[in-house]
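J.: Predicted model follows, preceded by the sequence.
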Amino acid sequence: MAKRIFITGIGIISAIGKNTSETLSNIKSASSGVGEIQYLQTVHKGKLPLCEVKYDNQQLCALANIDPQTRITRTSLLGIIAAQEAWRSAGSPVLGDGRTGVFSGNTVGGMDKTEHFYADFMEDEQAGDVQTMLTHECAESTERIADSLGATGMVSTISTACSSSANTIMLGARMIKHGLLDRAIVGGVDALTKFTVNGFNVLQILDEAYSQPFDENRRGLNLGEGAGFIVLEAEGIAKEAHILGELVGYANSNDAYHQTASSPDGTGAFLAMKGALDVAQIEPSQIDYVNVHGTGTPNNDLSEGIAMQRLFGKNMPKFSSTKAFTGHTLGASGGVEAVLSVLALQHKIIYPNLRFETPIEALGGTMIPETELLENQELNYILSNSFGFGGNTSSLVFKAYQ
Amino acid sequence: MEELIEKLKVQIIKQLNLEDVEPDEIDPNEMLFDANGELGLDSIDALELIVLLDKEYGIKIKNQDEGKKIFHSLNTMAEYILQHQN
Amino acid sequence: MKQTTTYPCCEIKAGTININGRVIYENTALPFPKFIKGAYKEFELNYPKFHKMDRLCKLAFVAAHFLLKDGQLDGYAPEEIGVVMANSNSTLHTDSKYTDSIKDRDNYFPSPAVFVYTLPNIMVGEICIKYNIKGESVFFVSNQFDKEMLLEYSQDMLQTETAKICLTGWVDYTDEDYHAILYLVNE
């Protein structure tokens, strides 16, 4: 009999707070993290809004308890802060026996440092700190996170665009299920960089105003940054007092339609959601809330909506996109939204989809997300979607602990 | 106009990496973004054409819907350039 | 573990393409772009979108072609086919090409078609689009080619019925070197 997988710790940092309690209080007061660019040095300052973590790297070092002279990327700092919080909330278990995995999803790695180095280096080959380049690759931040936790088990990095961290959660769950690990600290991190902002801008999928996911008049997404990690523990290892919820379903599929666009029939999204329900052995009608991918781009929200209509038919569960709060944190989004899903189960709340006004006509005008914070909700199962470029679509199912 | 269209053909082939396409094979009246068309262009190509207009002609197009009309065919594209070039 | 030698395998490196250990194409004198285009022409791949891909995708695409060209996926539903890939340098070549296009304020023309290829799983996506693969896929970034890990991961996907067949392997590209080795992992 396969082992059950419990969530015993959560940690998060994003534009709406440096930990879970700040995050929760900002959500409760409907304070979005989107705003004018303050930290990133870019030509888009004053033109494009972003969801920045409201600390510079020096301040992040202080939060992470790291000497500010250390050669470390913003990506690693954000990851360490969230992973440490998750680990502490799980009761600070000792991770040195090789039975804990650390899996992180990431897309830009140390690009923030590289950008600075590159500019200097192109001017003068002797300029800049060449050692910076050692922090460039995606896997470096995962190693840093694992080191900061003293974890000696398997460490791995998954890079599948915006579904990266949902896929690390799947990987951790499977390895625990098969008895290969007792515990896994899973999730992801991405920092904002010029590279990302310019790239998404040139794809013309950024909103110059504040994004409106699932709205008829949505114009695009707001980019965000942050990290979200959860601690998964096997049945028998997890201590009753720390159990926050259970991970019961997960699936990944490929939309096989276009490099960056979602298919008109939402095939990938449908297969991922259906697959996750199958693993959880539940019916669509048992889902109480969907934390949608809901980026706010015309293409994603339509395609995801169609997939949800295919899956749920007329019995559409409550749903909302929390990206109106956090922005799209790319490789971190699956981890950030996993933390939010667990918080929702814990506090029996459903999040508002900020700035929603008008339902999408092409979806029959009936798909209306929750617009107010709902409290005292009977939440048993939550479905969380994360879809990435390359057609990579993943869904997770979280269950309240009973 | 004729001259501009010929120039555009070459620029489009280069910008969109249409390696197996010869300039003569692009009909100025035919739809550039025809799902069943010879060129097989997609939404990323449309964005590349926006970059092309900016880079080669100094014309900035803000949104993709506008782009759809301009990039209907080589003719519409050339007309737009003639109207908007400084 | 099943003997890995029994899985169909295509390897591309140092100007040679070999299938199951047999060299089928060789042109060691050419730089990568000419070499891979030569192979594309020689074997009549006939896929115009190939020319739009970045070098990493081209490498993967040609390697996948030799494993899948004879209808090896016929009889499988799209969602029964998985893809498991990894490399070390992610999309470094394209990342720097893209960075070049945004570094100069006076010559600022970032290309969407280049940016798209700054994610390694676009390579997985391109293969999925070409062969209509809709099953599970994953992309790992790791230090070196860990054949055992990738094959075990794929075999586990088969055992747990997550997939019935899996395209698995390593595709890495830098200006200095390239290496693709793909397996078709089946029962």
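T.: Sure thing, it's come through. Numbers count the residues shown, from 1 in each chain, chains lettered A, B, ... in the order given.

J.: Give me the phi and psi angles of residue A:107.
T.: Here the main-chain torsion angles of residue A:107 (degrees, to the nearest 10) amount to phi -120, psi -30.

J.: you'd agree residue A:67 is up against residue A:77?
T.: No - under the criterion of Cβ atoms under 8 Å, residue A:67 is not in contact with residue A:77, lying 11.9 Å apart. Where C-beta positions appear, they are placed from N, C-alpha and C, glycine not excepted.

J.: any common contacting residues for these two?
T.: residue A:61 (Cβ atoms under 8 Å, 6 or more residues apart in numbering or on different chains).

J.: between the two, who's got more neighbours?
T.: Using other Cβ atoms under 10 Å in any protein chain shown as the criterion, residue A:67 and residue A:77 rank with residue A:77 on top: 29 against 8.

J.: Thought residue A:62 was touching the more buried one, still the case?
T.: No - using Cβ under 8 Å, residue A:77 is not in contact with residue A:62, being 10.0 Å away.

J.: quick one: residue A:284 and residue A:312 touch, right?
T.: Yes - between residue A:284 and residue A:312 a contact is recorded at 5.1 Å, counting by Cβ under 8 Å.

J.: mind listing what the residue nearest to residue A:208 when sequence neighbours are not counted touches?
T.: What sits nearest to residue A:208 in space, not counting adjacent residues and going by Cβ to Cβ, 6 or more residues apart in numbering or on different chains, is residue A:48, at 6.1 Å. By Cβ under 8 Å, 6+ apart, residue A:48 lies in contact with A:37, A:197, A:201, A:206, A:208.

J.: Counting neighbours, what do you get for the last one?
T.: Right, the one you point to is residue A:208. For residue A:208, the neighbour count with other Cβ under 10 Å is 13.

J.: how many other residues sit next to residue C:42?
T.: Summarising burial for residue C:42: neighbours were counted as other Cβ under 10 Å, giving 12.

J.: If I follow the layout properly, it ends up in contact with residue C:25?
T.: Yes - between residue C:42 and residue C:25 there is a contact under Cβ under 8 Å: 6.3 Å.

J.: for stretch A:379-389, what is the average pLDDT?
T.: Average pLDDT, stretch A:379-389: 97.

J.: Could I get the full set of helices for chain C?
T.: C:32-42, C:55-68, C:92-102, C:112-115, C:121-131, C:147-159 (DSSP state H).

J.: Please name whichever of those is nearest to residue B:48.
T.: Smallest distance to residue B:48 across the helices of chain C (Cβ to Cβ): 5.1 Å, for helix C:112-115.

J.: other SSEs contacting that closest one?
T.: Counting contacts by 3 or more Cβ pairs under 8 Å, 6 or more residues apart in numbering or on different chains; DSSP states H and E, helix C:112-115 packs against helix A:194-202, helix B:43-57, helix C:92-102.

J.: what does the first one contact?
T.: Looking back up the chat, that one is helix A:194-202. Contacts of helix A:194-202 (Cβ under 8 Å, 6+ apart): A:40-42, A:44, A:48, A:50, A:107-108, A:111, A:115, A:190, A:206, A:221, A:223, A:330, B:47, B:51, C:95, C:98-99, C:102, C:110-112, C:115, C:118.

J.: Contacts only, for residue 31.
T.: As the question left the chain open, I've gone with chain A. Counting by Cβ under 8 Å, 6+ apart, residue A:31 makes contact with A:16, A:325.

J.: hm, I was asking about chain B
T.: B:37, B:72-73.

J.: Selecting buried members of those residues in ChimeraX, what would you type?
T.: Of these, the buried ones go into a single ChimeraX selection, burial set by 16 or more other Cβ atoms under 10 Å in any protein chain shown:
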select /B:72,73
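
J.: Go through the contacts of residue B:31 and name the one nearest chain C.
T.: residue B:37 (11.3 Å; Cβ to the nearest Cβ).

J.: what's the distance between that closest one and chain A?
T.: Separation of residue B:37 from chain A (Cβ to the nearest Cβ, to the nearest Å): 16 Å.

J.: where's the spatially closest residue to residue A:400 that is not a sequence neighbour, which helix or strand?
T.: Among residues not flanking residue A:400 along the chain, residue A:345 sits closest, at 4.8 Å (Cβ to Cβ, 6+ apart). Using DSSP states H and E, residue A:345 maps to helix A:333-347.
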